[in-house]
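A.B. asks: Quick check, what structure comes out for this input:
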Amino acid sequence: MAFASKTVFKAASGITRVSSRNTSSAPKVALLGASGGIGQPLGLLLKTNPNVASLALYDIANTPGVAADLSHIDSKAKVTSHTGPNELHAALEGADVIVIPAGVPRKPGMTRDDLFNVNAGIVRDLAEAAAKIVPKAFVAIITNPVNSTVPIAAEVYKNNGVFDPARIFGVTTLDVVRSQAFVAELKGLDVNKTVVPVIGGHSGVTIIPLLSQVQPSAQFSKAEIEALTARIQDAGTEVVKAKAGAGSATLSMAFAGARFVQALIDGLQGRKNVQCSYVQSDVVKGVEYFSTPLELGPNGVEKILGYGKLSAYEESLVQAAVPELQKNIAKGVKFIKG
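C.D. replies: As a prediction, the model looks like this:
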């Protein structure tokens, strides 16, 4: 299976380029939560992406300063600043891709679930505006807990009669990025050529790295598999602890977010590619949302590719993830439906 390239702006390796109509020759990206710990470095990466024509920065405070700073960079993307709910419409209008890192970060001792009440409300309100203003835009949700915030956005879109499961994504790219970094380091591989699919969700036991499908092929002992899996599943906490109260995974998440946005832009422009992402899916019985490799194209999710043959250990990880995902999804749906 061919996955998107290891660099942010390079097209997917091994994916056939199609000569379809360019649906968005000059894409606009709306970054909602642009002044935060993830938003600022993500804004930097998007501003320097030559494929972004317009970058709308939105937040509830400090947006003008971030916008002024980024606008001094000599790259193509035109930067606009939007602060507060009254300016959200202008930020979203005409957007091809909406990226949502808005929310509060984890602090030491917090789980992603602890973030739920604040972040759920933020995603609900931003999704409500997006559903009304640009219902066809791709929506990439970074705000944790992703396992719940993606269902929240989906329910909002359903309430507005514009839900398209091919256009709403939970960004799980950081789990892939981490897996590839850790595997390459452990096995002495070229990190630029190492591919590790990650399925499931985006927290704890729901993160399932498929070490049996690493490319190029690598052999792992049972102890290595268990240790790597545990580290990947707990990598967010590793960063929170290392920062000792000063934040969570912001820089690596910004990098992962920028990579996923580029994949969406490639898809919009007819360059089909494969990425793992958390979307509405029926690949696992009893779970309405699940991350697997997806083929991205002009309409968003063109194909859900499933996860192929798993090892017995990976099968056990899927079974362990199901009840947690069911709980997370139900919590998100209940937040909207009451």
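A.B. asks: all contacts plus neighbour counts: C-alpha atoms, from now on.
C.D. replies: Noted.
A.B. asks: how about the residue nearest to the spatial centre of the chain, what does it touch?
C.D. replies: Ranked by distance to the mean C-alpha position of the chain (CA atoms, centre = their mean), the top residue is residue 171 at 1.2 Å. Taking CA atoms under 8 Å, 6 or more residues apart in numbering as the definition of contact, the neighbours of residue 171 are 140, 141, 142, 146, 257, 260, 277, 278.
A.B. asks: and the two most separated of these?
C.D. replies: Comparing all pairs in those by CA to CA, the longest separation belongs to 146 and 260, at 14.8 Å.
A.B. asks: and residue 42, how many residues sit next to it?
C.D. replies: Other residues lying near residue 42 total 28 when counted by other CA atoms under 10 Å.
A.B. asks: Give the residue from residue 146 and residue 260 that has the larger number of neighbours.
C.D. replies: Comparing residue 146 with residue 260 by other CA under 10 Å, the one with more neighbours is residue 146, at 27 against 24.
A.B. asks: can you tell me how far the more buried one sits from residue 182?
C.D. replies: Distance of residue 146 to residue 182, given as CA to CA, to the nearest Å: 22 Å.
A.B. asks: Kindly state the pLDDT recorded for the residue nearest to the centre of the chain?
C.D. replies: Note on residue 171: pLDDT of 98.
A.B. asks: And the pLDDT at the residue of the chain most remote from its centre?
C.D. replies: What lies farthest from the middle of the chain is residue 221; by CA atoms, centre = their mean that is 30.2 Å. Reported pLDDT at residue 221 in the predicted model: 98.
A.B. asks: backbone phi and psi for it, please?
C.D. replies: phi -80, psi 170 (degrees, to the nearest 10).
A.B. asks: what comes up buried for the helix or strand bottoming out on mean pLDDT in the chain?
C.D. replies: Counting by mean pLDDT, DSSP states H and E, the weakest-scoring helix or strand in the chain turns out to be helix 235-243, with a mean of 94. Along helix 235-243, the positions that meet the burial threshold by neighbour count (16 or more other CA atoms under 10 Å) are 235, 236, 237, 239, 240, 241.
A.B. asks: same for the very next helix or strand once past that helix, what does it pack against?
C.D. replies: Toward the C-terminus, helix 235-243 is succeeded by helix 251-268 as the next helix or strand (DSSP states H and E). Where contact means 3 or more CA pairs under 8 Å, 6 or more residues apart in numbering; DSSP states H and E, helix 251-268 is packed against helix 39-47, strand 97-100, helix 173-187, strand 273-280, strand 289-297, strand 300-304.
A.B. asks: now these as JSON lines including distance to residue 125?
C.D. replies: Supplementary listing: those in JSON lines, determined by distance: least, CA to CA, whole Å:
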{"stretch": "helix 39-47", "distance to residue 125": "18"}
{"stretch": "strand 97-100", "distance to residue 125": "11"}
{"stretch": "helix 173-187", "distance to residue 125": "24"}
{"stretch": "strand 273-280", "distance to residue 125": "20"}
{"stretch": "strand 289-297", "distance to residue 125": "21"}
{"stretch": "strand 300-304", "distance to residue 125": "23"}
